[in-house]
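> Need coordinates for the following:
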Amino acid sequence: NRLRTIDIIESKKHRGTVIKSPDLFMVLHKSMIPNILDDKTLKDLFELRLIIDVGMADFVVNKATPDDIKKLQKLIVKEPDKSDDILFDVEHEIKFHSKLYEITGNSSLIRFQALLFPLFNYAYKSGLISKPIKRKRYVSHKGLIEALKGGDAERFRESMRAHLENHFQRIQEK
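Now for the predicted structure:
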């Protein structure tokens, strides 16, 4: 019954019970309930998002098309040039970063990101990442697009790291 619950086995008429390739994301989805996860787990998952966003630079730069860049630009039309200490609207962040994940073309990464975003929303609302920050200037989404247009993965990676600096500062332990 446990294996059936996590979708590893299924019963087939006239064939019996068969083992199937598990949908790992469905298994994770069933256990990703933000209000029952402790702060350490939420923080670890938020850090994982930061690691992924910085680490996907080569894939984003190598696979981005002019159409992808236009779509990103359309998403940020009303954004300020500087992020300063702004904690952007979660929905806006999801749209922008989802497009970056989509550009990678990695369906597992896209599904994993979709699993994590409800947790990030919870982390934002719970105050887990609302701690004041020292540095006030970061690379904005506009800056990320400029780095992407340059076609240099290292520059994009550095820009993404600078873009996420406010989050890195907010989750650092004293």
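> How much space separates N121 from F112?
Using Cβ to Cβ, to the nearest Å, N121 is found at 16 Å from F112. Just so you know, the C-beta spots here come from the backbone N, C-alpha and C atoms, and that holds for glycine as well.
> shaky segments in the chain?
In the predicted model, the chain carries pLDDT under 70 at residues 80-90, 123, 127-137, 171-174.
> ranges for the helices of it?
In the chain, the helices defined using DSSP state H lie at 2-5, 24-31, 39-55, 57-63, 66-75, 90-104, 107-126, 141-150, 153-163, 165-171.
> Quick check: F120 touching R49?
Yes. The pair F120 / R49 is scored as a contact, 6.4 Å apart, by Cβ atoms under 8 Å.
> what is in contact with those two at once?
The contact sets of F120 and R49 do not overlap (Cβ atoms under 8 Å, 6 or more residues apart in numbering).
> more neighbours, those two?
Each of F120 and R49 had its neighbours counted (other Cβ atoms under 10 Å), and the higher figure belongs to F120 (22 against 19).
> Pull out the buried positions in stretch 152-161.
By 16 or more other Cβ atoms under 10 Å, the buried positions in stretch 152-161 come out as 153, 156-157, 159-161.
> With respect to E93, which of the residues you listed is nearest?
For E93, the nearest member of these is M160. The distance, counting by Cβ to Cβ, is 13.1 Å.
> Excluding chain neighbours, what is closest to the closest one?
Across the structure, with Cβ to Cβ, 6 or more residues apart in numbering as the measure, the residue nearest M160 apart from its sequence neighbours is V54 (5.2 Å).
> In this structure the one you found contacts L164, no?
Yes. Using Cβ under 8 Å, V54 and L164 qualify as a contacting pair, with a distance of 6.8 Å.
> mind listing what the residue nearest to E154 when sequence neighbours are not counted touches?
Beyond its immediate neighbours in the sequence, the residue positioned closest to E154 (Cβ to Cβ, 6+ apart) is A57, lying 7.5 Å away. The contact partners of A57, by Cβ under 8 Å, 6+ apart, come to 153-154, 156-157, 160.
> Mind doing that once more with 10 Å?
With contacts taken as Cβ atoms under 10 Å, 6 or more residues apart in numbering, A57 has the following neighbours: 100, 104, 147-148, 152-161.
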